[in-house]
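*Asks:* how would this look folded up:
(chains A, B, C and D)
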2 protein chains.
Amino acid sequence: MPDLNFSVLRFVPREGGYARGQEGFELILKTAVSVLVEHGYKDMTLRRIAKECGMKAGNISYYFKSKDDLVRALLQAISGSYEAAISEATAGAGADPESKLTQLISFILQDGTTRQTSYLFPELWSLANHDPFAKQCVDELYLREHRRFDEIIGELNPALSADDRSILSTFILSSIEGIGVFAGYGKYWQDAMPQLQATACRCFLEFVKSAKPGVDGTLSASKLELKP
Amino acid sequence: MPDLNFSVLRFVPREGGYARGQEGFELILKTAVSVLVEHGYKDMTLRRIAKECGMKAGNISYYFKSKDDLVRALLQAISGSYEAAISEATAGAGADPESKLTQLISFILQDGTTRQTSYLFPELWSLANHDPFAKQCVDELYLREHRRFDEIIGELNPALSADDRSILSTFILSSIEGIGVFAGYGKYWQDAMPQLQATACRCFLEFVKSAKPGVDGTLSASKLELKP
DNA sequence: CTATATTTTTGACATATGTCAAGAATTGCA
DNA sequence: TGCAATTCTTGACATATGTCAAAAATATAG
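*Replies:* All right, here's what the predicted structure looks like:
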């Protein structure tokens, strides 16, 4: 009984087969995400997924030749779904770059308040630390978000160099994602999310607008005295 | 062969027993952290820990009556070690609240560049999502850091209300932790950490100093138009 | 409807895991 | 040194896991 609240998973198309085959294929992946979210990767066993699918474990081996294969398809589907979500989130934004930035920040933070995202990403980060393919999927996912920030920051402050823009994008994106860890679904500071959202929008918008070209070099030079 | 680079784990004292018993006890916990970091919780099995300890699996059952027990002791030891680290990091700071803030931020970010911390925390976050005891340990760990930020921000901007201070502390702390996810050990933006560190110090220091009392209420009121 | 292609179950396999009891080995005190 | 308390190994157990082959069930084209 998977109940995913982010946009439907994006599946790599299945070659040949009956309609029922495609259903089973997608059901397995959707259920696998659900199990991953609800119980963590440690307890994401083939038998558990199969039981929640209403099928037997052996049938999963028919669709995926190994568990590793299933996990790969899973990661690709997740990455693809967030790609679609980010596109949608930034598509309807007006010409105003300020509202584009606040809209993107707000979208990511709102998404972080869902159980789905809040529980899923620590699993992805953990997987990425021990599996190169998972790392690649996560990196690509964040690179796409990074690119969106980069574009918007370029509009907001055209005087900045590409390097400065990139640092700012990384800074803002990672900060925003960190907020989800502390104020996401079920987290200790969950109730503060609305204020955090507003604070983040104000703080980062101001910072981007007031950033001066050469900031990057300046900061690099001053890094030595800042280290403990 | 555990090689932990944060301050030595803090163990709950062992009642009675020989010196060798204390050694074995600590060795198991240190090795368990090492396995957790290197292979993830999924592969942190008693036999693996035992092998790396140079002992047999059965012996772990002598020290810990169940794996759950071992994990609890582990989480407490980790939480305690970071408590000590944070105390040390902020102890030697001069009277200047500005350098206190940059020093604290820099310490946390520097710590995030270690394999230890960078690989450990996603495991802790994942555990916390599925185990109340783990959640409690992680919450306490971050509450202590939050308290340090709160104190420093109070010195930097005494006009702020307790609520405003708390929101700012949560905002900065979570942002900083997020940077570790993106630019920590082995991460995609690892090379940008020095610039991110400088950027974070500048951005947050300015933001705290320029924050006006009542910020909290203002932000709360404006949150509606910011939501997507 | 029939025949073929596809999906699913069944049942087993090798291996891995947490746990435990009994006995051997070690430690440290008298 | 002797002896009791402690530590450690051995070997087993029940259960769980990923995988697979063969048979059964289902779907679809002709």
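
*Asks:* give me the number of residues near A:E15?
*Replies:* The number of residues packed near A:E15 is 5, by other C-beta atoms under 10 Å in any protein chain shown. All C-beta atoms are positioned from the backbone trio N, CA, C, and that covers glycine.

*Asks:* could you do A:L143 as well?
*Replies:* The number of residues packed near A:L143 is 13, by other C-beta under 10 Å.

*Asks:* what's the nearest residue to it if we skip its chain neighbours?
*Replies:* B:Y188 (7.4 Å; C-beta to C-beta, 6 or more residues apart in numbering or on different chains).

*Asks:* name the element the closest residue to A:G184 other than its chain neighbours belongs to?
*Replies:* What sits nearest to A:G184 in space, not counting adjacent residues and going by C-beta to C-beta, 6+ apart, is A:S118, at 3.5 Å. Using DSSP states H and E, the element containing A:S118 is helix A:115-130.

*Asks:* could you do A:E98 as well?
*Replies:* helix A:97-112.

*Asks:* what does that helix contact?
*Replies:* Applying C-beta atoms under 8 Å, 6 or more residues apart in numbering or on different chains, the contact partners of helix A:97-112 are A:6, A:85-86, A:89-90, A:93-94, A:117-118, A:145, A:148-149, A:152-153, A:155-156, A:172, A:176-177, A:179-180, A:183-185, A:193, A:196-197, A:200-201, A:204-205, A:208, B:226-228.

*Asks:* give me every residue in chain A lying close to DNA strand C.
*Replies:* Applying C-beta under 7 Å from any atom of the strand, one finds that chain A approaches DNA strand C through A:16-18, A:20-24, A:54-59, A:62-63.

*Asks:* contact partners for A:F11?
*Replies:* Going by C-beta under 8 Å, 6+ apart, the list of residues near A:F11 reads A:25-26, A:29, A:73, A:77, A:80.

*Asks:* how close does it sit to A:I49?
*Replies:* Plainly put, A:F11 is 16 Å away from A:I49 if you go by C-beta to C-beta, to the nearest Å.

*Asks:* got it, and A:G94?
*Replies:* 43 Å.

*Asks:* A:S79 now?
*Replies:* A:S79 is 19 Å from A:I49, by C-beta to C-beta.

*Asks:* between these two, which one's more packed in?
*Replies:* Of the pair A:S79 and A:I49, A:I49 is the one with more neighbours under other C-beta under 10 Å, namely 25 against 21.

*Asks:* buried residues in the helix or strand where that one lies?
*Replies:* Using DSSP H and E, A:I49 sits in helix A:46-53. Residues A:46, A:48-50, A:52-53 are the ones in helix A:46-53 that count as buried (16 or more other C-beta atoms under 10 Å in any protein chain shown).

*Asks:* ok, and of the residues you listed, which contact DNA strand D?
*Replies:* Counting by C-beta under 7 Å from any atom of the strand, A:46, A:48 from the buried residues of helix A:46-53 sit close to DNA strand D.

*Asks:* which pair in the buried residues of helix A:46-53 spans the largest distance?
*Replies:* By the measure C-beta to C-beta, the buried residues of helix A:46-53 have their two most distant members at A:L46 and A:E52, which lie 11.1 Å apart.

*Asks:* quick one: pLDDT of A:L219?
*Replies:* We have a pLDDT of 43 for A:L219.

*Asks:* quick check: can you list the domain ranges of chain A?
*Replies:* Following the assignment in automatic domain parsing, chain A carries domains at A:1-79, A:92-212.

*Asks:* residue ranges with poor pLDDT in chain A?
*Replies:* Filtered on pLDDT under 70, chain A yields the residue ranges A:1-8, A:92-93, A:214-228.

*Asks:* before we move on, back to that, let me see the contact set for the residue nearest to A:G184.
*Replies:* Listed by C-beta under 8 Å, 6+ apart, the contact set of A:S118 reads A:112, A:180, A:184-187, B:129.
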